[in-house]
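> fold the following for me, if possible:
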Amino acid sequence: MKFTQYFDVMRQRPDRAVIEMAWIQRVIDHPIKEIVQQDGRIRRWARIDEANGKYLRVVLLSDGETVHNAFFDRSFTL
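From the prediction side, this is the model:
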């Protein structure tokens, strides 16, 4: 898994430090929803049962493999 420098910095935040790398990989591999932004970045979501059923959003660069951001999306709806 590749990461942007931005992701490395954001990962230090207490609310994001609890996000496990395995969960990020799960979202990448098995999203329940995907949206491609106008800038080419890819947003993917998946439910993380181990995190009380919260939905994790992972933002990938346009290459589809470099993680730019990952956070629990409180406003996600299917």
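> ok, now which ones touch residue 26?
By C-beta atoms under 8 Å, 6 or more residues apart in numbering, the contact list for residue 26 reads 46, 48. Any C-beta I mention is one placed from the backbone N, CA and C, and that applies to glycine too.
> helix or strand: which one has it?
In the assignment (DSSP states H and E), residue 26 maps to helix 21-29.
> compute the distance from the centre of that helix to the centre of its chain.
With C-alpha atoms, centre = their mean, to the nearest Å as the basis, helix 21-29 stands 8 Å off its chain's centre.
> name the next helix or strand downstream of it, please.
The helix or strand immediately downstream of helix 21-29 is strand 33-36, counting by DSSP H and E.
> so what touches that next one?
With contacts defined as C-beta under 8 Å, 6+ apart, strand 33-36 is touched by 42, 43, 44, 45, 76, 78.
> give the pairing partners of that strand; include direction for each.
Paired strands of strand 33-36, with direction, are strand 42-48 (antiparallel) (DSSP bridges).
> what angle separates the strand it pairs with from helix 21-29?
Inter-element angle recorded for strand 42-48 and helix 21-29: 120 degrees (by axes from the mean of the first three to the mean of the last three C-alpha atoms, to 10 degrees).
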